[in-house]
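missing the sequence, but the structure's below:
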């Protein structure tokens, strides 16, 4: 059977119930942020992990990358953090 | 960054998750691991997943360069990448020219950054090892560290590689089945640090692929819905002032690996349509 045929057999009520459950679960998970009026912007503003700000800062300002990497505690190999440092520049003026 | 992560996930699902028209795509898109990943803009994981899916997609099509590039990207998260790397080598056994081509492509991508890394920090390798030993863990890696320190982690990693190779037994030198590849990627969740439910994104292509099987079309919906149901149980705690879900929430990632197990025991033994099409 083609995947599209399989999808057509999924009852709309089931899909709708799933959507409601997902929305309720997401609201429950983020309640601590949603419950703070005027602070909704923080819900989708997690700190991110890429690339670590201190390594990007060390690169830009000519400081010791070795020290920054050691203090970052990042469980990722340094070459990868360097490769994607430009992404960090976007968030780190 | 959140949109960027979402874009990477869509590429991954297009490559290995059975495409966006797959009935299992929506429950994977609206799942707890992806939600958690997007909230924290966890781009490292999305990069790793995209690299793994690219490698798995490229292998049956004999696109060796893309396979090497994908694995080079995926190795940003070695615990997630090593099981698939082992299976890719096993599945390419005897095709040494292709493997060498893939290795050269992978090294070509990452070598400049490795050189830069050694230039900026000659001690980054031992530092990396130290960071890996002291990062925040949950789930099985935490148990492994308590039992055997860093060696416990190494043993756990070896176990995932052995299980992945066991699943691929009898497929030496054959095109990698997408179902098998997706489940091998999911197995990597077991040895990854599991510092949040986002680790479960590596099991989402496998979960979505269940939707391609008419008899299991509802499984991704039920598995994803059950995870949301668990999130609902945290609500009373939130009302009582908790500042977030409990730390053990991370183990939700294992649920998605478990839910996708049918892929491990019954994937097509003959060349699937998409492989045959690629060879024409």
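Received it, and whenever you're ready, just let me know what you need. These numbers come from a predicted model, not from an experiment.

flag the shaky bits of the chain, pLDDT-wise.
You didn't pick a chain, so chain A it is. A:1-9, A:35-51, A:88-93 (pLDDT under 70).

um, chain B though
B:266-280.

and the closest residue to residue B:246 other than its chain neighbours, how many neighbours?
Nearest non-adjacent residue to residue B:246, counting by CB to CB, 6 or more residues apart in numbering or on different chains: residue B:234, 6.9 Å away. Every C-beta, even on glycine, is put in place using the N, C-alpha and C of the backbone. When counting by other CB atoms under 10 Å in any protein chain shown, one arrives at 19 neighbours for residue B:234.

from residue B:197, how far out is residue B:234?
Applying CB to CB, to the nearest Å, the value for residue B:234 to residue B:197 is 12 Å.

what about residue 78, neighbour count?
All of this refers to chain A. Neighbour tally, residue A:78, other CB under 10 Å: 27.

my bad, chain B
If we define neighbours as other CB under 10 Å, then residue B:78 has 19 of them.

could you do residue B:22 as well?
Using other CB under 10 Å, the number of residues around residue B:22 comes to 24.

repeat that for residue B:235.
17.

check contacts around it.
Residue B:235 is in contact with A:28, A:31, counting by CB atoms under 8 Å, 6 or more residues apart in numbering or on different chains.

give me the common contacts of residue B:234 and residue B:197.
In contact with both residue B:234 and residue B:197: residue B:249, using CB under 8 Å, 6+ apart.

sorry, back to before: list the contacts for the residue nearest to residue B:246?
A:28, A:29, B:242, B:245, B:246, B:249.

was I right to think the last one contacts residue B:199?
By that I understand residue B:249. No: the pair residue B:249 and residue B:199 fails to qualify as a contact (CB atoms under 8 Å) at a distance of 11.0 Å.

how is chain A partitioned into domains?
For chain A, automatic domain parsing gives the domain ranges A:3-43, A:53-91.

please identify the deepest-packed of these.
domain A:53-91 (a mean of 19; mean count of other CB atoms under 10 Å in any protein chain shown).

how about it and chain B, touching?
Yes: against chain B, domain A:53-91 shows contacts by CB under 8 Å from any CB of the partner chain at A:59, A:65-66, A:69-70, A:72-80, A:82-84, A:87, A:90-91.

among those residues, name the ones in helices.
Among the residues of domain A:53-91 next to chain B, DSSP state H puts A:59, A:65-66, A:69-70, A:72, A:78-80, A:82-83, A:87, A:90-91 in helices.

could you dump the residues you listed to TSV with distance to residue B:213?
Below are those laid out as TSV (distance: CB to CB, whole Å):
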residue	distance to residue B:213
A:59	48
A:65	49
A:66	51
A:69	45
A:70	48
A:72	43
A:78	42
A:79	40
A:80	36
A:82	42
A:83	38
A:87	37
A:90	41
A:91	41
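
next, count neighbours for whatever residue of the stretch 101-250 of chain B ends up closest to chain A.
Of all residues in the stretch 101-250 of chain B, residue B:228 sits closest to chain A, at 3.2 Å by CB to the nearest CB. Residue B:228: 24 surrounding residues under other CB under 10 Å.

my read is that it contacts residue A:24, right?
Yes: at 7.2 Å, residue B:228 and residue A:24 qualify as touching, with contact defined as CB under 8 Å.

residue B:249 and residue B:199 - which one has more neighbours?
residue B:199 (31 against 19).

so who does the more buried one touch?
Residue B:199 sits in contact with B:33, B:45, B:189, B:192, B:193, B:250, B:253, where contact means CB under 8 Å, 6+ apart.

try it again with 10 Å
The contact partners of residue B:199, by CB atoms under 10 Å, 6 or more residues apart in numbering or on different chains, come to B:33, B:36-37, B:42, B:45, B:77, B:79-80, B:138-139, B:188-190, B:192-193, B:250-254, B:256-257.

just the ones of these in helices?
Using DSSP H, the contacts of residue B:199 in helices are B:33, B:36-37, B:45, B:79-80, B:139, B:188-190, B:252-254, B:256-257.
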